[in-house]
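1. what would the 3D arrangement of this be:
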Amino acid sequence: MNILVTGGAGFIGSSVIRHIINNTDNEVCNIDKLTYAGNLESLVDIDQNARYQFQQLDICNAQALEDVFDHFKPDLVMHLAAESHVDRSIDGPAEFITTNIVGTYTLLEVARQYWQGLRETDKSRFRFHHISTDEVYGDLAETDALFVESTPYAPSSPYSASKASADHLVRAWGRTYGLPIIITNCSNNYGPYHFPEKLIPLVILNALDNSALPIYGKGDQIRDWLFVEDHARALYKVVTEGKVGETYNIGGHNEKQNIEVVSIICQILDRKQPRADGAKYESLIRFVKDRPGHDLRYAIDASKMANELGWTPIETFESGIEKTITWYLENLAWCRRVQDGSYQRKRLGVHHES
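-> Here you go, the predicted model:
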């Protein structure tokens, strides 16, 4: 099959592409605008593969999208392109509205027109898979409940509101036009090639620099952590085996408070790369003013994925975080090129997001 992946130079997108190229015979076309979070260095292992191609374009550019659809002729679309950083959405929501809502609308329209022009045999196997987030469901504070596929939407940030809007558009194109859509909502991802402004890589790299480890509020926010390679397996299974019109929640079954995550990272680093002065990395922890509208708890019920598609995560948080820290220790050059902006020839700010 020909699989079109949007946002394939991002953290999750690049993991999906590596999974497809390394484990299937399918062809992949990666389209990415290459904003600050898009990094083609995450794909160096497969970028010379004959079944892989890359096109730099903005998903808001309908003509450029039409050209890609006409030439590549995708059987499956996996839509991951998005602005995804909560802090950035608070500081500047306009880009999130443009990319996540207008961009998704533009992609849907181009995909619909392409799909309607296919022969019936090709039409029947086409799928539009929209990859979303558990943040569209809002906050699970003061409850032991889990997010299920029918949980009402209650987004808290400009980021999650823009993703919720995109989800609604995708469902509408399925209902109104019959476009064969599937939606997945995932919990917090972590793993190799994670952009260093996110919580786990930021803590790892700050610790190695003997810099402060900033934690919002009391650090009692709870997230369900999903190893990115487990997520990539799940996404491929959904787009190839999932039922049209369905939503699937993907989680790691690993609820942890942010302070607990940071402490685990510090303890592993104490063992793997002790500080020169003998001090513990946890002494670098600093509590900072909480984020506006910060959700306290997210937690996914992924039983539908297990029961209907036979997917469960392979990694526990303990095994996944060990692999992640080892990868960062062995790939510090990649991290430094992101931190200093040399991977895209401009300086990047570092923001904390959980």
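2. quick one: the helices in the stretch 51-200 of the chain?
-> For the stretch 51-200 of the chain, the helices defined by DSSP state H, counting those that start in this stretch cover 62-72, 86-91, 94-96, 104-116, 120-125, 158-177, 199-208.
3. highest mean neighbour count out of those?
-> Among the helices of the stretch 51-200 of the chain, helix 199-208 has the highest mean neighbour count (mean count of other C-beta atoms under 10 Å), at a mean of 23. Heads up, the C-betas are built off the backbone N, CA and C, glycines and all.
4. show the subsequent helix or strand relative to that one.
-> Using DSSP states H and E, the next helix or strand after helix 199-208 towards the C-terminus is strand 213-216.
5. just checking, what packs against the following helix or strand past that next one?
-> Sequence order places strand 222-227 as the next helix or strand after strand 213-216, per DSSP H and E. Under the contact criterion of 3 or more C-beta pairs under 8 Å, 6 or more residues apart in numbering; DSSP states H and E, strand 222-227 touches strand 188-190, strand 255-257, helix 258-272, helix 317-330.
6. and Asp340, how many neighbours does it have?
-> A count of nearby residues for Asp340, using other C-beta atoms under 10 Å, gives 11.
7. could you do Ile300 as well?
-> Around Ile300 there are 27 residues (other C-beta under 10 Å).
8. re the thing from before, can you lay out the helices of the stretch 51-200 of the chain as CSV showing mean pLDDT and distance to Glu260?
-> CSV is the format used below for these (pLDDT from 0 to 100; distance: least, C-beta to C-beta, whole Å):
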stretch, mean pLDDT, distance to Glu260
helix 62-72, 98, 42
helix 86-91, 89, 20
helix 94-96, 95, 29
helix 104-116, 98, 34
helix 120-125, 95, 44
helix 158-177, 97, 23
helix 199-208, 95, 12
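9. closest one to Ala302 among the ones you listed?
-> When the helices of the stretch 51-200 of the chain are compared by C-beta to C-beta, helix 158-177 sits nearest Ala302, at 17.5 Å.
10. any idea which residue of this protein is furthest from its center?
-> What lies farthest from the middle of the chain is Asp277; by C-alpha atoms, centre = their mean that is 36.7 Å.
11. quick one: that one from Asn210, how far?
-> The gap separating Asp277 from Asn210 is 9 Å, by C-beta to C-beta, to the nearest Å.
12. strands of the stretch 1-150 of the chain, residue ranges please.
-> 2-6, 27-32, 52-56, 76-79, 127-133 (DSSP state E, counting those that start in this stretch).
13. how about those strands, which one is nearest Ile90?
-> Ranking the strands of the stretch 1-150 of the chain by proximity to Ile90 (C-beta to C-beta) places strand 127-133 first, at 15.7 Å.
14. any idea how far that closest one is from the middle of the chain?
-> In this view, strand 127-133 has its centroid 11 Å away from the chain centroid, taken as C-alpha atoms, centre = their mean, to the nearest Å.
15. what is the burial count for the residue lying closest to Leu4 once chain neighbours are set aside?
-> Residue nearest to Leu4 in three dimensions, not counting chain neighbours: Pro74, with 3.8 Å by C-beta to C-beta, 6 or more residues apart in numbering. Applying other C-beta under 10 Å, we find 22 residues neighbouring Pro74.
16. dump the residue contacts of Pro74.
-> Asn2, Ile3, Leu4, Cys29, Tyr114, Phe126 (C-beta atoms under 8 Å, 6 or more residues apart in numbering).
17. which of these lies closest to Cys186?
-> Of all those, the one with the least separation from Cys186 (C-beta to C-beta) is Ile3, at 18.4 Å.
18. confidence score at the closest residue to that closest one other than its chain neighbours?
-> Spatial nearest neighbour of Ile3, excluding adjacent residues (C-beta to C-beta, 6+ apart): Leu76 at 4.7 Å. pLDDT for Leu76: 98.
19. tell me the contacts of the residue nearest to Phe69 when sequence neighbours are not counted?
-> Among residues not flanking Phe69 along the chain, Tyr114 sits closest, at 4.4 Å (C-beta to C-beta, 6+ apart). Neighbour list for Tyr114: Glu66, Phe69, Asp70, Pro74 [criterion: C-beta under 8 Å, 6+ apart].
20. got it, and Thr151?
-> Counting by C-beta under 8 Å, 6+ apart, Thr151 has contacts Tyr137.
21. same check, this time on Glu282
-> Applying C-beta under 8 Å, 6+ apart to Glu282 gives the contacts Val262, Ser263, Cys266, Gln267.
22. closest to Tyr177 among the residues you listed?
-> Nearest to Tyr177 among the contacts of Glu282: Val262, at 45.9 Å, using C-beta to C-beta.
23. from His194, how far off is the closest one?
-> Applying C-beta to C-beta to Val262 and His194 gives a distance of 15 Å.
24. and Val261, how close does it get to Ile268?
-> To Ile268, Val261 is 11 Å away according to C-beta to C-beta.
25. the helix or strand hosting Ala333 packs against which elements?
-> Per DSSP H and E, Ala333 falls inside helix 332-339. The contact analysis (3+ C-beta pairs under 8 Å, 6+ apart) places helix 332-339 against helix 199-208.
26. okay, the angle between the helix it packs on and helix 317-330?
-> Note on geometry: by axes from the mean of the first three to the mean of the last three C-alpha atoms, to 10 degrees, helix 199-208 and helix 317-330 are set 50 degrees apart in direction.
27. quick one on the thing from earlier: buried subset of the contacts of Glu282 as a PyMOL selection?
-> Typed into PyMOL, the line below selects the buried ones among the contacts of Glu282, using 16 or more other C-beta atoms under 10 Å:
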select buried, resi 262+263+266
